[in-house]
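Peer 1: predicted model and sequence below, questions to follow.
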Amino acid sequence: MNNKNKLQFIKNSSSYIANINRALKNIKSEIVADFTRVENSDIVITTNKVATPLDLQKIKRYIKNVNSIEVNKIKAPRLPQSKLYLKILGISYLLKNSNTPISANVVEKLIKNNHIFNNIVITSRPRVIKVSPKSDMAIIFILPLFREQI
């Protein structure tokens, strides 16, 4: 993929994600495409769950139909070999002095304002999960997590 095609793909990535999600919804898939990025000559599409072969086939078929992509340079889709994520334990599920559950937006703001997470890009929305129905604690997953090049 040449630089012009990369820029074109990045420029239109939000519409590509919307169309991929529409195609996945049409086959009654449970996955949702969250984020796209171009890495070297590869297109990386992050999903909320592990994709099935049918999901990968549908995504590949859509990508091949995009005009700005050189079809002969697309490699076979593959599942990630490993995931880099952050798991936060010991957070209160309810906001202080209220009965409102903590939201992904609140978690994002906390992470962005904390010096520990300088130069880190969050590529998907944090997932807030209540530990158990009787507990007031939450577990927060942030998938995937990339450190920016300095």
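Peer 2: Everything's here; your move. Numbers count the residues shown, from 1 in each chain.
Peer 1: outline the domain layout of this structure.
Peer 2: 3-73, 86-147 (automatic domain parsing).
Peer 1: how near is Asn119 to Thr46?
Peer 2: From Asn119 across to Thr46, the span is 19 Å (C-beta to C-beta, to the nearest Å). Any C-beta I mention is one placed from the backbone N, CA and C, and that applies to glycine too.
Peer 1: next: Ile17.
Peer 2: Ile17 is 10 Å from Thr46, by C-beta to C-beta.
Peer 1: again with Pro133
Peer 2: Going from Pro133 to Thr46 by C-beta to C-beta gives 30 Å.
Peer 1: neighbour count for the two, which is higher?
Peer 2: A side-by-side neighbour count of Pro133 and Thr46, using other C-beta atoms under 10 Å, places Thr46 first with 17 against 5.
Peer 1: for that one, which three-state class applies?
Peer 2: With DSSP: H, G, I helix; E, B strand; the rest coil as the basis, Thr46 sits in strand.
Peer 1: wait, doesn't it sit right on Ile122?
Peer 2: No - judged on C-beta atoms under 8 Å, Thr46 makes no contact with Ile122 at a distance of 11.2 Å.
Peer 1: those helices in the chain, which residues are they?
Peer 2: 3-11, 13-26, 53-64, 104-112 (DSSP state H).
Peer 1: buried sites along the third one?
Peer 2: Just to be clear, that refers to helix 53-64. Along helix 53-64, these residues count as buried under the neighbour rule (16 or more other C-beta atoms under 10 Å): 55-56, 58-59, 62-63.
Peer 1: likewise the last one?
Peer 2: Neighbour-count burial for helix 104-112, counted by 16+ other C-beta under 10 Å, picks out 107, 111.
Peer 1: any chance you could give me that helix in PDB, C-alpha atoms only?
Peer 2: The C-alpha coordinates for helix 104-112 follow below in PDB (Å, rounded to 0.1, in the frame of the first residue of the first chain):
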ATOM      1  CA  ALA A 104     -16.100   4.200  30.200                       C
ATOM      2  CA  ASN A 105     -15.900   8.000  29.700                       C
ATOM      3  CA  VAL A 106     -14.900   8.500  33.300                       C
ATOM      4  CA  VAL A 107     -12.200   5.800  33.100                       C
ATOM      5  CA  GLU A 108     -10.800   7.400  29.900                       C
ATOM      6  CA  LYS A 109     -10.600  10.800  31.600                       C
ATOM      7  CA  LEU A 110      -8.800   9.300  34.600                       C
ATOM      8  CA  ILE A 111      -6.300   7.500  32.400                       C
ATOM      9  CA  LYS A 112      -5.600  10.600  30.300                       C
END
